[in-house]
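In: Provide a 3D model corresponding to the input given below.
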Amino acid sequence: MPDLHARLPRNRFLALPDHGRAASAARRVGVEIEFAGLSVHETAVLIAGHWGGELAEQNPREVHVTGGRLGKVRVELDIALKAQWAEDLAAQVLRDLVPVEVITDPLSQADLPQVERMAQVLHAAGAMGTRAKLAYGFGVHFNPELPDDDGAALVATARAYALCEDWLRGAEPLDPARRVLPFVDPWPRALVAALAGAEGWGVRDLVRACVAHAPSRHHGLDLLPALQHLCPAELSQVPESHLKGGRPTFHYRLPETRLDEPGWSIAYEWNRWCLIEHIAADPDLLRALANGWTDHESPLSRLRGNWAAEVEEMLATSALPARLGL
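Out: Sure, this is the predicted structure:
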């Protein structure tokens, strides 16, 4: 049986699932793409040339493209420093190790193929991804809006991601340069254990678990923007530097930028996220994964093998592939 990842479309975008009574057709998604090889200004000119809009330079490290077919697009050097002189020095010393980042406003799911086209245009102009040089470590981030269901889908999706993270990482191992950066750490096993037994949890239960085990935004799935949006008063123990403002979105930051590699696509990475949401929307499959993880982690089951392989088997033999047309 072929690997489920190998069956994911690379030339079309799967739709987000409905979660209970919460429809997903109108949910929007913001996209962030990091890369090297082009300047901020060159990137902004390319985007305006293909999708229209006017350039508004905020400073030498940030240009906005407004009024085009993709709405507002921000192009900036991805430097998280406070003082301008420090940013200027870092940009000069580190040069292309500091990525250029393209950040879209929330787009309709129907507009995601235009983001794919943007990646192709940038690559054709010289943009390079994570594996182009040894020290690169660039990512693609998706920010799908939360379903309008009072947080039930947030909890279910957190559980699905926790139970499938080993499988996601095993299918697409991170580049060593990105793996050592403190931005996409795996969720701690204690959090996975808590979420495996979290059937019936509400949002505040999820907040307590995240504060106890993973009070950081530097994970493959960063839940802090959503939790800060829903329960800001409950995050007092999270370091202030990790609270960047509440937003009603997931912040999925595990994918790597590989826009210069044959066969890679934005659609493929989006579809990996869609799989997680489809698992979250299937209570029986989610329960089976949770039970499987609990059995796998039992002291009596240590010799049963690789959890990622077990996830692959459970997903590939479930109704999920047929439901998605894979």
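
In: CA only for contacts and neighbour counts going forward, please
Out: Noted.

In: once you drop chain neighbours, what's closest to residue 139?
Out: In space, and not counting its chain neighbours, residue 139 is closest to residue 256: 4.2 Å by C-alpha to C-alpha, 6 or more residues apart in numbering.

In: residue boundaries of the strands in the chain?
Out: 28-35, 54-59, 62-68, 71-77, 100-104, 107-108, 140-144, 221-222, 251-252 (DSSP state E).

In: save those as JSON lines, and put in mean neighbour count too.
Out: Formatted as JSON lines, those follow (neighbours: other C-alpha atoms under 10 Å):
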{"stretch": "strand 28-35", "mean neighbour count": "24"}
{"stretch": "strand 54-59", "mean neighbour count": "14"}
{"stretch": "strand 62-68", "mean neighbour count": "20"}
{"stretch": "strand 71-77", "mean neighbour count": "22"}
{"stretch": "strand 100-104", "mean neighbour count": "23"}
{"stretch": "strand 107-108", "mean neighbour count": "18"}
{"stretch": "strand 140-144", "mean neighbour count": "23"}
{"stretch": "strand 221-222", "mean neighbour count": "23"}
{"stretch": "strand 251-252", "mean neighbour count": "22"}
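
In: out of the ones you listed, nearest to residue 260?
Out: When those are compared by C-alpha to C-alpha, strand 28-35 sits nearest residue 260, at 9.9 Å.

In: so what does the closest one touch, helix or strand wise?
Out: Judged by 3 or more C-alpha pairs under 8 Å, 6 or more residues apart in numbering; DSSP states H and E, strand 28-35 is in contact with strand 100-104, strand 107-108, strand 140-144.

In: which residues touch it?
Out: The contact list for strand 28-35 (C-alpha atoms under 8 Å, 6 or more residues apart in numbering) reads 99-109, 115, 127-130, 138-145, 257.

In: repeat the analysis, applying 6 Å as the threshold.
Out: Where contact means C-alpha atoms under 6 Å, 6 or more residues apart in numbering, the residues beyond strand 28-35 that reach it are 99-109, 128-129, 138-145.

In: can I get it as CSV, trimmed to CA atoms?
Out: Provided in CSV are the C-alpha atoms of strand 28-35 (Å, rounded to 0.1, in the frame of the first residue of the first chain):
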residue,chain,number,x,y,z
ARG,A,28,-10.0,32.1,5.0
VAL,A,29,-6.3,31.4,5.4
GLY,A,30,-3.2,33.7,5.5
VAL,A,31,0.1,32.4,4.1
GLU,A,32,3.7,33.3,5.0
ILE,A,33,6.6,32.2,2.8
GLU,A,34,10.3,32.7,3.7
PHE,A,35,13.1,32.4,1.2
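
In: and it with strand 140-144, angle?
Out: Angle, strand 28-35 to strand 140-144, by axes from the mean of the first three to the mean of the last three C-alpha atoms, to 10 degrees: 170 degrees.

In: TSV for the helices and strands packed on strand 28-35, including distance to residue 201 and mean pLDDT?
Out: TSV is the format used below for the helices and strands packed on strand 28-35 (distance: least, C-alpha to C-alpha, whole Å; pLDDT from 0 to 100):
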stretch	distance to residue 201	mean pLDDT
strand 100-104	33	95
strand 107-108	30	98
strand 140-144	22	98
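
In: rebuild those as JSON lines, extending it with distance to residue 163.
Out: Below are the helices and strands packed on strand 28-35 laid out as JSON lines (distance: least, C-alpha to C-alpha, whole Å):
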{"stretch": "strand 100-104", "distance to residue 163": "29"}
{"stretch": "strand 107-108", "distance to residue 163": "28"}
{"stretch": "strand 140-144", "distance to residue 163": "20"}
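
In: which among those is found nearest to residue 7?
Out: For the helices and strands packed on strand 28-35, proximity to residue 7 was assessed by C-alpha to C-alpha; strand 140-144 is nearest, at 21.0 Å.

In: show me where the stretch 51-200 of the chain has helices.
Out: Applying DSSP state H, counting those that start in this stretch to the stretch 51-200 of the chain gives helices spanning 84-94, 112-124, 152-171, 176-179, 189-196.

In: residues in contact with the closest residue to residue 253 other than its chain neighbours?
Out: Distance criterion C-alpha to C-alpha, 6+ apart; nearest residue to residue 253, sequence neighbours excluded, is residue 141 at 4.3 Å. By C-alpha under 6 Å, 6+ apart, the contact set of residue 141 is 31-32, 252-253.

In: residue contacts, the spatially most central residue of the chain?
Out: Centroid-nearest residue in the chain: residue 252, 2.0 Å away (criterion: C-alpha atoms, centre = their mean). Counting by C-alpha under 6 Å, 6+ apart, residue 252 touches 141-142, 221.
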